[in-house]
Each structure stands twice: as C-alpha cells, then as structure tokens.
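Enquirer: After the sequence you'll find the predicted model.
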Amino acid sequence: MRLIDTHTHLDFPDFDADRSQLLASAQQKGVERLVVLGVYQSNWQRVWDLAQQEDSLYAALGLHPLYLEQHQPEHLLELRTWLERLAGHDKLCALGEFGLDYYLPELDRDRQQTLFEAQLQLAAEFELPPLLHVRRSHAQVIATLKRFKLKRAGIIHAFAGSYEEAREYIKLGFKLGLGGAATWPQALRLRKVVAQLPLEAVVLETDSPDMAPAMFPEQRNSPEHLPEICAALAGICGVDGEALARVSSENARGVFGW
C-alpha cells in the first residue's frame with residue numbers, strides 16, 4: 001500500500017520527542033509523502049526547515065483562521081515574500097492552511113473573509129493549490145471560490161459537509177480530504193456522504209496530531225495511522241484498501257503536481 005498524507009502538522013511540539021522515528025515507521029507502512037502545513041507566521045520557518053530536512057516532507061504556508069488574533073497585516077506581506085522567494089521550489093507544494101471557521105463565534109467573520117480572499121489571491125497569483133479549512137462555512141467558501149475561478153484547485157481539508165456541497169466543490173475541481181472523523185461509527189451523516197463520493201474526488205489525510213481515528217481513541221494522531229484510516233474509509237466506500245490507496249494517491253499527486 002502506497003499512501004500520501006495530504007494534511008499534517010508534524011512541526012507541532014507534540015512530535016518533538018520522536019519525529020524521526022515516527023516518519024521512519026510511517027514510511028515502512030507505505031506513507032511515502034506527507035504535507036506539513038503552516039498556520040501562522042511564526043511557524044513557517046519551522047515547517048520549511050522540516051521539509052528541507054526530510055525527503056518525504058513537503059511544505060505549505062498559510063494563515064489559519066483559528067489564529068486570527070495573532071495575524072497582523074504585515075504577515076500577509078511576509079507570506080508574499082516567502083512565496084516569491086520559494087517560487088518554483090519543489091518542496092513548496094501548496095498554500096495553506098487557511099479558510100473560514102464559523103464554528104467559533106468569537107472569530108470575526110469579516111476579518112476572516114478578508115484574510116481568506118487575500119490568500120486566495122496569492123494562490124491564484126503563484127499558481128499554488130489552496131488547502132482549505134472549512135468549518136460550518138461551506139456556503140460562503142463555495143460562493144467565494146466561484147467568484148475567484150481558480151485555475152488550480154486544491155483540497156477541502158477534513159470535509160464534513162453534505163453531498164450537495166461535495167458536488168459543488170468537485171465541480172470547482174477540488175478534492176475532498178478524508179481522515180479520522182468518518183472512521184467513528186457515530187458519524188452517521190458523514191459516513192453516508194463518504195459512501196456516495198466518487199473515488200476520483202478523494203484524498204487521504206490524518207491532520208496529525210489531531211482527529212484521531214476510532215481505532216486509536218484519545219491518542220495523538222500520527223501518519224502511522226493512515227493505513228488503518230484508509231482501510232476503514234475503503235470499507236465505507238465499498239472498495240478494497242489497495243484501490244482507495246492507489247486512487248487517492250493519484251489524486252494527491254495531481255493536486256500537488258508530483
């Protein structure tokens with residue numbers, strides 16, 4: 001089984017004690033490439049350094065809506081500077097993580113929208129696929145993406161929307177990131193949607209260290225868990241694990257240009 005983990009936060013301190021061993025173990029289990037996403041200005045250097053140090057790691061840089069209060073106007077300018085400096089570098093694979101989060105009421109929606117659109121503009125300008133955080137904001141994200149008409153689509157991270165919303169993203173060329181959430185038996189609505197998705201629209205992810213799957217409850221999530229996540233999702237989709245691994249990895253390579 002050959003797998004690609006399209007969404008990790010391996011730069012987080014959760015992995016400082018055993019990052020190298022974890023990566024070696026994941027590779028032994030077939031996880032060949034992993035994307036590490038920046039979420040605020042002060043972790044971009046750490047993400048980039050990791051991608052430089054490990055052959056299997058690739059970097060994405062962005063300004064996540066959950067850290068809205070940390071982001072300053074100059075950070076957008078600095079993000080542009082990073083993108084200009086790294087343009088064409090094979091280790092920079094995407095722009096992200098960014099998007100809209102309507103789950104937490106304290107996150108100002110107008111400020112989020114401004115930051116979201118500014119980063120979509122950068123994604124368009126630098127021809128990078130956007131890796132999007134979308135929580136209870138699918139209608140607004142879809143409407144915004146329709147306005148921007150990106151030539152290069154990306155991934156809706158941790159997709160948990162409706163089948164109709166999935167269809168809208170697919171029409172826009174986006175892939176849907178699936179991970180641990182749908183492995184939980186109580187996630188009935190999400191599992192029903194996942195069962196209807198065309199495999200050509202699916203990529204796999206762990207969101208490590210978050211979103212642990214049902215097989216590893218209350219544990220730190222890890223790329224090492226991706227084979228089990230793949231097998232569980234394949235069961236929901238009605239295909240074998242090897243088939244989902246193959247198609248999802250092809251989809252990921254298409255998104256990142258690998």
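Expert: That came through fine. Everything quoted here is computed from the prediction, not taken from an experiment. Numbering: from 1, shown residues only.
Enquirer: residues near the closest residue to Y40 other than its chain neighbours, how many?
Expert: Counting by C-beta to C-beta, 6 or more residues apart in numbering, Y67 is the residue found nearest to Y40 once chain neighbours are left out, at 4.5 Å. Every C-beta, even on glycine, is put in place using the N, C-alpha and C of the backbone. Using other C-beta atoms under 10 Å, Y67 is surrounded by 15 other residues.
Enquirer: buried residues in stretch 213-221?
Expert: For stretch 213-221, a neighbour-count test (16 or more other C-beta atoms under 10 Å) marks P213, A214, F216, N221 as buried.
Enquirer: circling back: surely the residue nearest to Y40 is in contact with Q41?
Expert: No - at 9.1 Å, Y67 and Q41 do not qualify as touching, with contact defined as C-beta atoms under 8 Å.
Enquirer: Return the backbone torsion pair for S137.
Expert: For S137, the backbone dihedrals are phi -140, psi 20 (criterion: degrees, to the nearest 10).
Enquirer: what's it in contact with, if anything?
Expert: With contact taken as C-beta atoms under 8 Å, 6 or more residues apart in numbering, S137 is in contact with G99, L100, D101, Y102.
Enquirer: can you name the farthest residue from the center of the chain?
Expert: When distances to the mean C-alpha position of the chain are computed (C-alpha atoms, centre = their mean), the maximum falls on E74, with 24.6 Å.
Enquirer: and the gap between it and R111?
Expert: Separation of E74 from R111 (C-beta to C-beta, to the nearest Å): 15 Å.
Enquirer: before we move on, back to that, quick check: pLDDT value at the residue nearest to Y40.
Expert: Reading off the per-residue confidence, Y67 sits at a pLDDT of 98.
Enquirer: Show me where the stretch 101-250 of the chain has its strands.
Expert: 130-135, 155-157, 175-178, 202-204 (DSSP state E, counting those that start in this stretch).
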